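Enquirer: I would like to see how this sequence folds:
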Amino acid sequence: MSRSERLFALLQALRRHRRPVSGRVLAEETGVSLRTLYRDIASLQAQGAGIEGEAGLGYVLKPGFLLPPLMFSPEEIEALVLGARWVANRGDDPLQDAARNALARISAVLPPELCETLEASPLLVGPGSALPASSVDLAVLRQAIRTERRLSITYRSAEGTASARVIWPFALSFFDHARVVIGWCELREAFRHFRTDRIDAVEVLDDRYPRRRQALLRAWREAENIPQRRMLLP
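Expert: Numbering: from 1, shown residues only. Model (predicted):
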């Protein structure tokens, strides 16, 4: 285990304890000697970690302390790289640029040994099927979702029939073969899924929809019987 991994493991162990915990317990949880444990705590305190306490009394991590980016574990780095590579390959242009910029920022603050893990990650994204072109700007859809704005859209069914809809968009799903806006449809009075390549026109309306986006997302998950564990974020 590298020093960075060891310090990360120690911070994670401290996070699990809301009350002061002895150095001996922390040493056992992290698999190091008590002497190394005390040295690691001193190193973290010198780097600004909010650790209070001393030998013989126990240690506690101050509430609200955030782990700095340099404390990513190698597995977390590989997960970030794989996700960013997928977005850079399958996202729209603004998201592709954002994924590359995010990786560059992470690389700039990682210590050398972890930076090598990021740059040499063996996890690759294979080619997927060609995505159908979207007639609308996905950035407009994402902004409407973030600001909880109603959308007026012209939508074509699979048979080519056009209809005017007003929807409450609350999620944008990226599949290998399509991108789908998930929203409440005022016309159908139900949740509906709209492929972006079938949206011919979109207008962001001035007013917000009457329910919060997170509440709609929860209700949709329940309606679709989608377990919480399948969602990375609430």
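
Enquirer: what's the first helix or strand after the worst-scoring helix or strand of the chain on mean pLDDT?
Expert: Least confident helix or strand of the chain, by mean pLDDT, DSSP states H and E, is helix 112-119 with a mean of 78. Remark: after helix 112-119, the chain's next helix or strand is helix 138-147, criterion DSSP states H and E.

Enquirer: over to the residue in the chain sticking out farthest from the centre: give its phi and psi.
Expert: Distance from the C-alpha centroid of the chain, by C-alpha atoms, centre = their mean, peaks at residue 56 (39.5 Å). Torsion angles at residue 56 (phi, psi; degrees, to the nearest 10) stand at phi 90, psi -20.

Enquirer: list the buried residues for stretch 12-22?
Expert: 13, 14, 17, 21, 22 (16 or more other C-beta atoms under 10 Å). C-beta coordinates here come from the backbone N, C-alpha and C atoms, glycine included.

Enquirer: again but with stretch 202-216, I slipped
Expert: Applying 16+ other C-beta under 10 Å to stretch 202-216 flags 202, 209, 213, 216 as buried.

Enquirer: that stretch: how far from the chain's middle?
Expert: Remark: stretch 202-216 is offset 22 Å from the chain centroid, using C-alpha atoms, centre = their mean, to the nearest Å.

Enquirer: and what of stretch 30-43?
Expert: 32 Å.

Enquirer: just the buried residues of stretch 202-216 now: which is nearest residue 106?
Expert: Among these, residue 213 lies closest to residue 106 (C-beta to C-beta), at 27.4 Å.

Enquirer: and the gap between the closest one and residue 75?
Expert: Between residue 213 and residue 75 the distance is 31 Å, computed by C-beta to C-beta, to the nearest Å.

Enquirer: cool, residue 129 as well?
Expert: 29 Å.

Enquirer: and if you look at residue 81?
Expert: Taken as C-beta to C-beta, the span from residue 81 to residue 75 is 11 Å.

Enquirer: looking at the two, which is more packed in?
Expert: residue 81 (23 against 10; other C-beta atoms under 10 Å).

Enquirer: ok, the residue lying closest to that one once chain neighbours are set aside - contacts?
Expert: In space, and not counting its chain neighbours, residue 81 is closest to residue 121: 4.3 Å by C-beta to C-beta, 6 or more residues apart in numbering. Counting by C-beta atoms under 8 Å, 6 or more residues apart in numbering, residue 121 makes contact with 77, 78, 81, 82.

Enquirer: from residue 114, how far out is residue 14?
Expert: Shown here: residue 14 relative to residue 114, a distance of 20 Å by C-beta to C-beta.

Enquirer: which parts of the protein are strands?
Expert: Under the criterion DSSP state E, the chain contains strands at 51-54, 58-61, 149-156, 162-174, 179-185, 190-195, 199-208.

Enquirer: domain ranges for this protein, per the record?
Expert: What automatic domain parsing lists as the domains of the chain is 3-67, 71-119, 138-230.

Enquirer: poorly predicted segments of this protein, please.
Expert: The model of the chain has pLDDT under 70 over residues 1, 64-71, 228-234.

Enquirer: give me that answer again for 50
Expert: Filtered on pLDDT under 50, the chain yields the residue ranges 69, 231-234.

Enquirer: rewinding a little: want to throw the domains of the chain into CSV with distance to residue 125?
Expert: Formatted as CSV, the domains of the chain follow (distance: least, C-beta to C-beta, whole Å):
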stretch, distance to residue 125
domain 3-67, 26
domain 71-119, 5
domain 138-230, 11
